[in-house]
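J.: Build me a model from this:
(one chain, ligands or ions: 1)
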Amino acid sequence: MRILITNDDGIHAEGLRVLVRAAQTHGEVAIVAPDRERSACGHAMTMRDPLRVREVEWPGARAWHVNGLPVDCINVGRAVAWPEGIDLVLSGINHGPNLGFDITYSGTVAGAMEGAINGIRSISVSMATFVDSAPLHFETGERWLCENLPSLIRAELPDLCFLNINVPAIAFEEVQGERWVRMGRRVYEDRVEVRSDPWGRPYYWQGGVVVMHREQPNTDVGAVSEGFVSITPVSLDWTHEDALLAGAR
Ligand code: MN
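T.: A predicted model of the protein is given here:
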């Protein structure tokens, strides 16, 4: 099995190393990742600048870093790693959750999305911490993936569908199991903070505090809050069926 791996935290991220180790137990791995952190770039791609690709040393795998974004990495990977075709795209393991609406901002999720657009089985994986600077427990993600990747690879999925997975950032022994769940809602408060530069001019820093209502049954937010790994099948057909039917009437 030919497995292409990317992330949005960059080639040096710990989560990337962990994901590669888990994937190497299931197939041949190639890594194409951004040369620096590119979190929250969404499904953006580089079009007006050249992509520079550099091969780097990696134990047991071929690896390249790119001066671009996760979507660029998938497309570069398809060209340089296996032009004849790829069986699986893995993206992550992200340094933090990608729950609910996070999937629209996430570069990690966008890597999987680009794989799915190209007809490749694709999975994004994130460690779901709930408190900034809490331990990420990447070892939990690694162990869970080692055990569960085969069933995720075999799972029946329609076209244009990929899997977004969040692993709770807790010890492996505390994980309650896994749940296939809907995308939940994760909203931020105080999104933009105004600060002052050394010359007294205002600037704005975007971040925000998550206001997450954990009581969201059958969602990724709810599952991870209860200590389960969440598996959410995400469709690239964004059409809203009910609105379509109502509009067409
Ligand atoms: Mn990230």
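
J.: counting contacts, what elements does the lowest-mean-pLDDT helix or strand in the chain pack onto?
T.: The helix or strand of the chain with the lowest confidence, counting by mean pLDDT, DSSP states H and E, is strand 209-211 at a mean of 75. Packing partners of strand 209-211 (3 or more CB pairs under 8 Å, 6 or more residues apart in numbering; DSSP states H and E): strand 187-189. Quick note: C-beta positions are derived from backbone N, CA and C, even for glycine.

J.: just to revisit the earlier point, tell me which residues of the least confident helix or strand of the chain are tucked away?
T.: For strand 209-211, the neighbour count (16 or more other CB atoms under 10 Å) marks Val210 as buried.

J.: Parallel or antiparallel, list what pairs with it.
T.: Applying DSSP bridges, strand 209-211 is found paired with strand 187-189 (antiparallel).

J.: Now the element after the strand it pairs with, going C-ward?
T.: Next along the chain after strand 187-189, taking DSSP states H and E as the criterion, comes strand 192-196.

J.: partner strands of the helix or strand that comes right after that following strand, parallel or antiparallel?
T.: Using DSSP H and E, the helix or strand that follows strand 192-196 in sequence is strand 202-206. When sheet partners are counted by DSSP bridges, strand 202-206 sits next to strand 192-196 (antiparallel).

J.: Now do Glu178 against Ser151, distance only.
T.: Counting by CB to CB, to the nearest Å, the gap from Glu178 to Ser151 is 10 Å.

J.: the more surrounded of the two?
T.: Neighbour comparison, Glu178 and Ser151: the larger count goes to Glu178, with 17 against 10 (by other CB atoms under 10 Å).

J.: any idea which element that one lies in?
T.: Per DSSP H and E, Glu178 falls inside strand 177-180.

J.: Each with direction, which strands does that strand pair with?
T.: For strand 177-180, the paired strands and their directions (DSSP bridges) read strand 228-235 (parallel).

J.: Residues contacting the strand it pairs with, please?
T.: Identification of contacts with strand 228-235 by CB atoms under 8 Å, 6 or more residues apart in numbering yields 99, 103, 109, 113, 128, 144, 148, 152, 157-158, 160-168, 175-183, 219-220, 223-224.

J.: excluding its backbone neighbours, what's nearest the closest residue to the ion within the chain?
T.: The minimum distance from the chain to the ion, using CB to the ion, falls at Ser39 (3.3 Å). Distances taken as CB to CB, 6 or more residues apart in numbering place Asp8 nearest to Ser39, at 5.1 Å, with adjacent residues excluded.

J.: Quick check, central residue of the protein?
T.: For the chain, the residue nearest the mean C-alpha position is Thr108 (3.0 Å; CA atoms, centre = their mean).

J.: Those residues of this protein touching the ion, which are they?
T.: Where proximity means CB under 5 Å from the ion, the interface of the chain facing the ion comprises Asp8, Asp9, Ser39, Asn94.

J.: Next, give phi and psi for the third one.
T.: Meaning Ser39. Ser39 adopts backbone torsions of phi -60, psi 150, taken as degrees, to the nearest 10.

J.: Verify the stated contact: it with Gly111.
T.: No - using CB atoms under 8 Å, Ser39 makes no contact with Gly111, being 11.8 Å away.

J.: Compare the two and say which is more crowded by neighbours.
T.: Gly111 (34 against 19).

J.: What pLDDT does the model give the more buried one?
T.: Note on Gly111: pLDDT of 98.
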